[in-house]
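>>> Need coordinates for the following:
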Amino acid sequence: MAITRLTDIITVFDSKWTYGDVKFGYESEVNQDHDTQYPLMLVEPPESTIPVVYNGREEYTFEINFYNLYSQAAQSAVTLQKRWDNLQDLANEWLDMVLKNYQDVNVEAYLEDESIAIERVKEVANDRLVQIKLTFTMSAFTKCFRPVSNYPSDYSDLTEWLKADSAATFDIASKRVSAWADQSGYEFGSNMTQTATANQALREGYGGANGKAYFNFDGTNDSFISENNFVTSTTNKNFTIFEVSQINKADNAVFGYHDLTNDRVIEMGTNSSGYYNFYMKNGSQELSKVLPNTVSDLGKPHISVMRYQNIQITYDYRSADWKYVDQPLQNINFFTPTTQWNTNKFKIGCALTSNGLTPPALIETRHLDGKVQEIIMYNRTLSNDEKDAVVGYLNLKYKIY
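As a prediction, the model looks like this:
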């Protein structure tokens, strides 16, 4: 294991300070809410450089402040200099524990020689405090600048790539999203739109899985519709769909497609009992796969994959609690190689069904109450290795399981 992000270092810093509160922030914020449990360790956001590119290491210069109360009533019992000494002892012990954490030869992080400085500070705002300021430079492995990662665009026949962290058109004040641009690069890929303001999902810049951006759907009427039809090959009619989302309620759909003329349906979402369900229909014949209903994943992020190849359908579902890999949905003879799946548009954030009138028309149903972070589609059935690589990209990004 190696250091990969600043978050990893801060997590270690936090875990080794066992004496009071920890805060990652700025000195002006010390006890601004007057609810601090002392002693307090404040880790200020560090400066960093990558001095040796090909070694893939990064040098973080940390400034860490340690605080403890010094009340007038206690002066006769413990002198000011002794309180500073005690606080410095805690800081030294904490730093020792941090460095011991990185003695493992598999973890590349170390303290730069002669980089440490200790400063005693007085007259701290907000409280009567004693303060020790500790500065040092830590060198940690981060990332080599070589293209070794896998991305969805590395694999052929990518037809749709929607990411909540980019290519969204939204109102800054209201956060309402009117358009979501496809980034697959495919000439027949489809941008997503929603012109009705009341039906627009909200873009949140952080707070989704792994703290990343997401689109928030209200469960009432929010949805996006594709500008172009759902794309499958004109020869073999195959497809692969990935979705990263969090579904909060039962009977909700993330992805919905309905060919009204032939009554053909593709859905990914939850059933009426709240368990994830992969669903396909061809006329009067249908199939679905509901995940085992011993633990509900409502309110938890997941990665879901549906692959269709002629009559063979497989699925993946992965979350913090579940891991189903390369599971057969069912081999259905009525899903023949000539079955068309590309005659209608698709939607994100709801399912589609007939209104039951004559002539019939499609209406939205099973609106999503939850978060959507990424949608990826291919115009063929990915191999197991390709599918695993895309799932690996998604899990590296969102830390789902």
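
>>> Look at stretch 171-178 and report the distance between its end residues.
8 Å (C-alpha to C-alpha, to the nearest Å).

>>> From the chain's centroid, how far away is it?
21 Å (C-alpha atoms, centre = their mean, to the nearest Å).

>>> how close does residue 43 sit to residue 267?
46 Å (C-beta to C-beta, to the nearest Å). Where C-beta positions appear, they are placed from N, C-alpha and C, glycine not excepted.

>>> Who has more neighbours out of the two?
residue 267 (23 against 19; other C-beta atoms under 10 Å).

>>> which stretch of helix or strand covers that one?
If you go by DSSP states H and E, residue 267 is part of strand 264-270.

>>> what do you get for residue 225?
Residue 225 belongs to strand 224-229, assigned by DSSP H and E.

>>> now the angle between strand 264-270 and the following helix or strand past that strand, please.
Going down the chain from strand 224-229, the next helix or strand is strand 239-247, by DSSP H and E. With axes from the mean of the first three to the mean of the last three C-alpha atoms, to 10 degrees defining the directions, strand 239-247 sits at 30 degrees from strand 264-270.

>>> Partner strands of strand 239-247, with direction?
Here strand 239-247 has these sheet partners by DSSP bridges: strand 301-309 (antiparallel), strand 369-378 (antiparallel).

>>> looking only at pLDDT, what's the mean for the first one?
Mean pLDDT, taken over the full extent of strand 301-309, equals 93.

>>> Which helix runs longest in the protein?
helix 80-101 (DSSP state H).

>>> ok, whichever helix or strand comes after that helix: who's next to it in the sheet?
Downstream of helix 80-101, the first helix or strand assigned by DSSP H and E is strand 109-111. Here strand 109-111 is paired, per DSSP bridges, with strand 129-141 (antiparallel).

>>> Toward the C-terminus, what is the element adjacent to the strand it pairs with?
From strand 129-141, the next helix or strand downstream (DSSP H and E) is strand 158-163.

>>> So, low pLDDT: which residues of the stretch 1-150 of the chain?
Within the stretch 1-150 of the chain, the stretches with pLDDT under 70 are 1-4, 32-33, 52-55, 71-78, 104-107, 113-115, 118-128, 142-149.

>>> neighbours around residue 173, how many?
6.

>>> phi, psi of it?
phi -70, psi -50 (degrees, to the nearest 10).

>>> That one and residue 202, how far apart?
11 Å.

>>> winner for burial among the strands paired with strand 239-247?
With neighbours defined as mean count of other C-beta atoms under 10 Å, the strands paired with strand 239-247 peak in mean count at strand 369-378, which reaches a mean of 25.

>>> So which elements touch whichever helix or strand comes after that one?
Heading C-terminal from strand 369-378, the first helix or strand you meet, by DSSP H and E, is helix 384-398. The contact analysis (3 or more C-beta pairs under 8 Å, 6 or more residues apart in numbering; DSSP states H and E) places helix 384-398 against strand 239-247, strand 301-309, strand 312-319, strand 369-378.

>>> Distance to residue 213 for the ones you listed - can I get that in TSV?
Output for these, formatted as TSV (distance: least, C-beta to C-beta, whole Å):
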stretch	distance to residue 213
strand 239-247	11
strand 301-309	13
strand 312-319	19
strand 369-378	7
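
>>> for those strands, which one sits closest to residue 161?
Nearest of the helices and strands packed on helix 384-398 to residue 161, taken as C-beta to C-beta: strand 369-378 at 5.4 Å.

>>> average pLDDT for the closest one?
Rounded mean pLDDT across strand 369-378 is 97.

>>> just the angle between that strand and strand 224-229, please?
With the same axes, to 10 degrees defining the directions, strand 369-378 sits at 20 degrees from strand 224-229.

>>> Strand partners (parallel or antiparallel) of the strand holding residue 267?
Sheet pairing of strand 264-270 (DSSP bridges) gives strand 253-259 (antiparallel), strand 276-282 (antiparallel).

>>> Pull the distance from that strand to the chain's centre.
23 Å.

>>> Report the inter-axis angle for it versus strand 312-319.
Taking the same axes, to 10 degrees, one finds strand 264-270 and strand 312-319 inclined to each other by 20 degrees.

>>> Output strand 264-270 as PDB, nothing but the C-alphas.
C-alpha atoms of strand 264-270 as PDB (Å, rounded to 0.1, in the frame of the first residue of the first chain):
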ATOM      1  CA  ARG A 264     -39.800  -3.700 -25.300                       C
ATOM      2  CA  VAL A 265     -38.400  -2.500 -22.000                       C
ATOM      3  CA  ILE A 266     -35.000  -2.100 -20.200                       C
ATOM      4  CA  GLU A 267     -34.900  -0.900 -16.600                       C
ATOM      5  CA  MET A 268     -32.400  -0.700 -13.800                       C
ATOM      6  CA  GLY A 269     -33.600   0.400 -10.300                       C
ATOM      7  CA  THR A 270     -35.400  -1.000  -7.300                       C
END
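
>>> how far is stretch 280-289 from where the chain is centred?
31 Å.

>>> That stretch: which residues count as buried?
Neighbour-count burial for stretch 280-289 flags 280-282, 287, 289 (criterion: 16 or more other C-beta atoms under 10 Å).

>>> Which segments of the chain make up each domain?
6-141, 152-398 (automatic domain parsing).

>>> most packed of the strands paired with strand 264-270?
Most buried of the strands paired with strand 264-270 by mean neighbour count (mean count of other C-beta under 10 Å) is strand 253-259; its value is a mean of 25.

>>> Distance of residue 83 relative to residue 19?
14 Å.

>>> Also residue 82?
Going from residue 82 to residue 19 by C-beta to C-beta gives 17 Å.

>>> now swap in residue 283 and tell me
Counting by C-beta to C-beta, the gap from residue 283 to residue 19 is 68 Å.
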